[in-house]
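Student: Could you look at this predicted model? Sequence included:
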Amino acid sequence: MIEPNIQNYIEQFSTEPPKYLKDLEKETYQKTVLPQMISGSYQGRLLSLISKLKHPENILEIGTFTGYATLCLAEGLRANGLVHTIDINDEFRYLQDKYFEISGYKNRIKQYFGNALEIIPEMDLSFDLVFLDADKKNYPEYLNIILPKIKKGGILLADNVLWYGKVVDTQARDAETSGIKKFNEQVKNHPDLEGVILPVRDGISVWIKKN
């Protein structure tokens with residue numbers, strides 16, 4: 001969405017991530033088939049900053065992948081806070097565990113493996129911050145089960161909400177694009193939400209729950 005030279009400038013004049021995140025990004029590109037799924041340094045610093053501004057007690061992340069965003073979100077936790085992160089399988093748990101340990105956040109992160117649509121309703125928790133970055137076709141369904149668990153004043157972040165520009169393609173009717181479009185309409189029209197879409201990488205939306 002942004003010209004490469006502008007993107008490079010933005011990253012050059014933004015805070016650098018810790019070394020362990022640089023190492024995790026490098027290893028993700030070396031050992032995974034779809035490394036572009038990682039949040040990366042620029043988006044990661046945005047997630048970290050939002051978390052630090054909110055200073056949450058409980059964070060919910062849907063879609064762990066190799067744990068890069070998880071660690072960025074953990075940077076803003078309160079002293080007694082936890083990140084609850086869910087992934088559909090444990091394929092990359094070895095990378096998650098390695099870098100959760102290196103970072104010093106291992107005891108501040110609780111991992112779940114399985115279907116988030118089944119796991120979340122069983123959680124007896126409310127959240128200050130939620131980051132949605134899972135299967136796009138189910139974004140509307142995730143919203144339905146997430147929203148009641150977000151505290152008043154809590155923040156909902158959703159990744160890939162521009163979906164490679166396909167959200168403005170009237171011919172794009174695949175399940176993923178349709179899911180993103182419906183989700184964007186739902187949050188825009190929800191009376192309890194206020195927010196914006198930021199053109200960061202593939203689009204990230206930031207919403208505050210008013211009630």
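Tutor: Everything's here; your move.

Student: OK, contacts around residue 2?
Tutor: Contacts here follow CB atoms under 8 Å, 6 or more residues apart in numbering; on that basis residue 2 touches 10, 199. In short, each C-beta sits where N, CA and C put it, glycine included.

Student: what about it, distance to residue 134?
Tutor: Going from residue 2 to residue 134 by CB to CB, to the nearest Å gives 24 Å.

Student: What of residue 85?
Tutor: Counting by CB to CB - residue 85 and residue 134 are separated by 11 Å.

Student: Of those two, which one has the most company?
Tutor: Set residue 85 next to residue 134 and count neighbours by other CB atoms under 10 Å: residue 85 wins out with 27 against 22.

Student: Against the centre of this protein, work out the most remote residue.
Tutor: residue 171 (27.5 Å; CA atoms, centre = their mean).

Student: Mind checking what secondary structure that residue has?
Tutor: Recorded secondary structure, residue 171: coil (DSSP: H, G, I helix; E, B strand; the rest coil).

Student: quick check: mean pLDDT across the helix or strand containing residue 131?
Tutor: Per DSSP states H and E: residue 131 is located in strand 127-132. Strand 127-132 shows a mean pLDDT of 98.

Student: list the helices and strands it packs on?
Tutor: Under the contact criterion of 3 or more CB pairs under 8 Å, 6 or more residues apart in numbering; DSSP states H and E, strand 127-132 touches helix 40-54, strand 58-62, helix 68-74, helix 139-146, strand 150-159.

Student: need the ones you listed in a markdown table with mean neighbour count, distance to residue 94 and mean pLDDT, can you?
Tutor: Formatted as a markdown table, the helices and strands packed on strand 127-132 follow (neighbours: other CB atoms under 10 Å; distance: least, CB to CB, whole Å; pLDDT from 0 to 100):
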| stretch | mean neighbour count | distance to residue 94 | mean pLDDT |
| --- | --- | --- | --- |
| helix 40-54 | 19 | 20 | 97 |
| strand 58-62 | 27 | 18 | 98 |
| helix 68-74 | 27 | 15 | 98 |
| helix 139-146 | 19 | 26 | 98 |
| strand 150-159 | 20 | 23 | 98 |
